[in-house]
Structures are given as structure tokens and as C-alpha cells.
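*Asks:* Build me a structure from this.
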Amino acid sequence: MQTIMLKAKLHMARVTHAVLNYEGSCAIDGELLDMSGIRENEQIQIYNVENGQRFTTYAIRAEEGSRIISVNGAAAHLATEGQRVIICSYAHYSEAELDAHQPALVYLQEGNVVSHTSNAIPVQLA
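*Replies:* Alright, predicted model coming up:
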């Protein structure tokens, strides 16, 4: 049996560009891709914190150190420049892999600068 688990998350990224007349996808600073383990052309889910839109696209590499998060093509209607988004990727894991699995969580602050990383989401308290 395979279980779909969170592989990586870029938490509270700020959209820097929304380019309607582009082939599609989401350009992400190459350093952020490498840090999170999201691969170029990998399917990603984007959750717009500002308007609740949720959509699927794929990651492409933006210039390293640019702090670019560019939502392109039709998705530019769902997230605009300045909005905060959560970008996630998921993967299938076997039962044998589940015990050792830890997602790569990258938390961003203004300017898409990394504030910290983690491998566990904090327990939600009452």
C-alpha cells in the first residue's frame, strides 16, 4: 500500500509576479527549491491565504537568490502579486518508508527570506 504524504512546504511565500501571458507553472527561487527538495517540473499545490483559492501547477526554477515566486499562465488569475501563498508538494510512500518520513518545511518572512526550517508541523493546541 502507498500513502500520499506531505513532502515539502514553502510556508507564507509572497507572490512577486503574476504573469498571465506565460506558458504556465510557478517559478520559484532556485535556492528555495533546493532547500525544500521540490524538483523542477514537480507537481505542486498552491494555497492562496488571501482569497482561499487552491490550485495545482508545476514548479520551474527561477534565478537563485532572486526570491521570486511567480504564478504564471491561467493561475495568474488565482494569485496576484503581493498575496501570500503556501506551496506544497506531496509524494507516495510505502508502509516501510512512513516511519522515517519527515517533510521539509521552509518558513518564509517578508521578502521571501527564510526565517527557519523544520521537519515537523507543530501540534495544534486547543
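*Asks:* alpha carbons only for contacts and neighbour counts from here, please
*Replies:* Will do.
*Asks:* Tell me where the protein has helices.
*Replies:* 30-36, 95-98 (DSSP state H).
*Asks:* wait, which of those helices is closest to V123?
*Replies:* Closest approach to V123 among these is made by helix 95-98 (18.6 Å; C-alpha to C-alpha).
*Asks:* any idea of the mean pLDDT in that closest one?
*Replies:* Summarised as a single mean, pLDDT over helix 95-98 is 95.
*Asks:* swap in stretch 119-126?
*Replies:* 92.
*Asks:* And for stretch 52-59?
*Replies:* Averaging pLDDT residue by residue across stretch 52-59 gives 97.
*Asks:* related to what we said a few turns ago, mean neighbour count, the helices of the chain: which tops it?
*Replies:* Per-residue neighbour counts averaged over each of those give the maximum for helix 30-36, namely a mean of 19 (mean count of other C-alpha atoms under 10 Å).
*Asks:* Does that one pack against any helices or strands, and if so which?
*Replies:* strand 2-14, strand 54-62, strand 104-109 (3 or more C-alpha pairs under 8 Å, 6 or more residues apart in numbering; DSSP states H and E).
*Asks:* picking up where we left off before, quick check: which of the helices of the chain is nearest to V85?
*Replies:* That would be helix 30-36 among the helices of the chain, by C-alpha to C-alpha, at 14.1 Å.
*Asks:* just to revisit the earlier point, can I get the helices and strands packed on helix 30-36 in a markdown table with distance to N21 and mean neighbour count?
*Replies:* Listed next are the helices and strands packed on helix 30-36 as a markdown table, based on distance: least, C-alpha to C-alpha, whole Å; neighbours: other C-alpha atoms under 10 Å:
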| stretch | distance to N21 | mean neighbour count |
| --- | --- | --- |
| strand 2-14 | 20 | 20 |
| strand 54-62 | 15 | 19 |
| strand 104-109 | 27 | 20 |
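*Asks:* For these, give me TSV that also has distance to E97.
*Replies:* Formatted as TSV, the helices and strands packed on helix 30-36 follow (distance: least, C-alpha to C-alpha, whole Å):
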stretch	distance to E97
strand 2-14	10
strand 54-62	25
strand 104-109	15
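*Asks:* Could you export the helices of the chain to TSV, including columns for distance to Y58?
*Replies:* Below are the helices of the chain laid out as TSV (distance: least, C-alpha to C-alpha, whole Å):
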stretch	distance to Y58
helix 30-36	12
helix 95-98	25
